[in-house]
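Visitor: please find the sequence and the predicted model below.
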Amino acid sequence: MRYSALSILKQAFAGNLGWKPAWREPQPKPHYDVIIVGGGGHGLATAYYLAKEFGVRNVAVLEKGYLGSGNVGRNTTIVRSNYMLPGNEPFYEFSLKLWEGLERELNYNVMFSQRGIINLYHNDGQRDQYIRRGNAMMMEGVAAELLDRETLRKMMPFLNFDHARFPIMGGLLQRRAGTARHDAVAWGFARGADRLGVDLIQNCEVTGIRRENGAVTGVETTKGFIGCNKLALAAAGNTTTVGRMADLELPIETHVLQAFVSEGLKPMIDNVITYGAGHFYISQSDKGGLVFGADIDYYSSYAQRGNLATVEHTIEEGVSLIPGLSRTRVLRSWGGVMDMSMDGSPIIDRTPIDNLYLNCGWCYGGFKATPASGFCFAHLIARNESHQVARFLRLDRFERGFPIDEGGKGPQPNLH
Amino acid sequence: MASLIHCPHCGSRPKEEFSIRGDASLVRPSPSASDEEWHRYVHIRDNPKGRYKEHWHHAFGCRRWLVVERDNFTHEVFSVTDAAEAAKAVQA
């Protein structure tokens, strides 16, 4: 069923009894051309673009829980392409361009709102660093603006400009950045893939990867064996667990990241703001809740729940940046397990096994990448070669000495 | 994760006093080891779900490096040892 103003009107007169489920709930077939492990944003986007752009429609997505139950529904919904390094920036800009046409593409309202992101700076060195990043963006054809303190003061008077240690001196603005409704992104891609014939199989956990003569022949699951010609992994924080079934050795550590939402407030924060003196990012949802987050919890964790010390640290950062937050009540917090890579950048690549493909290492920046990750991964699976903008995101870049380390932090996954 | 960590030198201390480095099961190769061995040491991680040994530094306490053995899914802490003791145990 195609959604339109007319369909809403028709359903309104028919008592809204005619709406159909957005996707089927099929039983797995014995064999598929491509099986994708992981029914999150990236897995669903990969299935959608495989079917839409590359004509591969005999595809299944296997999800151990329900669709979008992982990180795609557990993030702070920020979409941006303000990266610095040449290995990253064209990829994220490609993603942002896909976001700009995504609602029309999917016939689904993902509530993409280009409200702009502002990265604040608090000292001269940081200003120079943001000038460098803005210039790097412009070299890739992406607009960036440096804002001074007085401009910022007019835009967002509620910030703590005269903080004794970390006064706000200005910020780097990307106007085309923004936020999207995260669940709707998963649902939109799921519905789009389903309409093109992809089987979305929920509550189906992969328990083993069967191989013959060095090639994958299928997967053992809680719903029995399912055969495939090509297997694609998009399992985020559980990548190592699934990869081990095929003896993959990966540059990944799993960590928990928390996100928070406050009670609903009147419109207060128009943009996405990031705090340069700590690591804190905040925006306001259309419902009025402030959506914010900070660092990961630093210890290895496979549990989708976080630690109170990190909650306290996050709130302290928030109040330090926006003193008015001190009287806001937090409604909810939640944790997601992140596939932290050794350089903070992702991997979309082949593996030592010919028909096994890998998409992982998103650290905590995967949401914004959802469309491009799906597009580039589908390109890789269908054509067996990297998409132009994802060609640096290789699995062997670590041993070859070509890491893509935006933060300059070295091979220390909990610092990325 | 537990809110209190039992430091062998300082007793039960709040988790916030510690900073965390990462996997403590890795053994540094010799300087003359091959590039392959160094790559595995620097970049490749077992990343198990369950029992896990991690290097913690008691940054706001005795400033000793510790090995915390714990479950990274249930967050149960099994033991906390001084890293020097843990290294002796590995060498023995």
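Guide: Here it is on my side, so go on. Numbers count the residues shown, from 1 in each chain, chains lettered A, B, ... in the order given.

Visitor: how about the residues of chain B near chain A?
Guide: Applying C-beta under 8 Å from any C-beta of the partner chain, one finds that chain B approaches chain A through B:1, B:3, B:14-16, B:19-23, B:35-36, B:39-40, B:42-49, B:52, B:54, B:72-75. In short, each C-beta sits where N, CA and C put it, glycine included.

Visitor: mind listing the strands for chain B?
Guide: Counting by DSSP state E, chain B forms strands over residues B:4-7, B:11-14, B:19-23, B:51-57, B:65-71, B:77-82, given from the N-terminal end onward.

Visitor: could you export these as CSV, including mean pLDDT, mean neighbour count and distance to A:Ile201?
Guide: As requested, the strands of chain B are arranged in CSV below (pLDDT from 0 to 100; neighbours: other C-beta atoms under 10 Å in any protein chain shown; distance: least, C-beta to C-beta, whole Å):
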stretch, mean pLDDT, mean neighbour count, distance to A:Ile201
strand B:4-7, 95, 17, 42
strand B:11-14, 96, 12, 45
strand B:19-23, 96, 16, 34
strand B:51-57, 97, 19, 31
strand B:65-71, 97, 20, 30
strand B:77-82, 97, 16, 37
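
Visitor: okay if I get these as TSV plus distance to A:Cys376?
Guide: Rendered in TSV, the data for the strands of chain B read as follows (distance: least, C-beta to C-beta, whole Å):
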stretch	distance to A:Cys376
strand B:4-7	42
strand B:11-14	44
strand B:19-23	29
strand B:51-57	32
strand B:65-71	36
strand B:77-82	41
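
Visitor: what does the stretch 1-150 of chain A have sitting close to chain B?
Guide: Not one residue of the stretch 1-150 of chain A sits near chain B, judged by C-beta under 8 Å from any C-beta.

Visitor: could you look up the SS state of the residue of the stretch 1-150 of chain A found nearest chain B?
Guide: As assessed by C-beta to the nearest C-beta, chain B sits closest to A:Lys64 within the stretch 1-150 of chain A, at 13.2 Å. Assigned by DSSP: H, G, I helix; E, B strand; the rest coil, the conformation of A:Lys64 is coil.

Visitor: surely A:Met268 is in a strand?
Guide: No: going by three-state DSSP, the assignment for A:Met268 is coil, not a strand.

Visitor: list the contacts of it.
Guide: With contact taken as C-beta atoms under 8 Å, 6 or more residues apart in numbering or on different chains, A:Met268 is in contact with A:158, A:284, A:290, A:324.

Visitor: same thing but at 7 Å, please
Guide: A:Gln284 (C-beta atoms under 7 Å, 6 or more residues apart in numbering or on different chains).

Visitor: roughly how far apart are it and chain B?
Guide: Distance check for A:Met268 against chain B: by C-beta to the nearest C-beta, to the nearest Å, it reads 30 Å.

Visitor: and the pLDDT at that residue?
Guide: The pLDDT attached to A:Met268 in the predicted structure is 95.

Visitor: next one: it from A:Ala294, what distance?
Guide: A:Met268 sits 19 Å away from A:Ala294, going by C-beta to C-beta, to the nearest Å.

Visitor: repeat for A:Ser95
Guide: A:Ser95 is 23 Å from A:Ala294, where distance means C-beta to C-beta.

Visitor: same thing with A:Arg175?
Guide: Spatial separation of A:Arg175 from A:Ala294 under the definition C-beta to C-beta is 24 Å.

Visitor: let me see the ranges of the strands in the stretch 301-416 of chain A.
Guide: Taking DSSP state E, counting those that start in this stretch as the criterion, the stretch 301-416 of chain A carries its strands at A:330-341, A:347-350, A:356-360.

Visitor: most tightly packed of those strands?
Guide: When the strands of the stretch 301-416 of chain A are scored by mean count of other C-beta atoms under 10 Å in any protein chain shown, the highest mean neighbour count falls to strand A:356-360 (a mean of 26).

Visitor: specify the beta-bridge partners of A:Trp334.
Guide: Beta bridges link A:Trp334 to A:Ala259, judged by DSSP bridges.

Visitor: ok, now A:Phe225?
Guide: Per DSSP bridges, residues listed as beta-bridge partners of A:Phe225: A:Glu220.

Visitor: and A:Asp295, that's in a strand?
Guide: Yes: the assignment for A:Asp295 by three-state DSSP puts it in a strand.

Visitor: ok, it - contacts?
Guide: Residues A:His279 are the ones in contact with A:Asp295 under the rule C-beta under 7 Å, 6+ apart.

Visitor: gap between it and A:His255?
Guide: A:Asp295 sits 10 Å away from A:His255 when distances are taken as C-beta to C-beta.

Visitor: picking up where we left off before, and A:Arg175 and A:Ala294? Which one has more around it.
Guide: A:Ala294 (24 against 14; other C-beta atoms under 10 Å in any protein chain shown).
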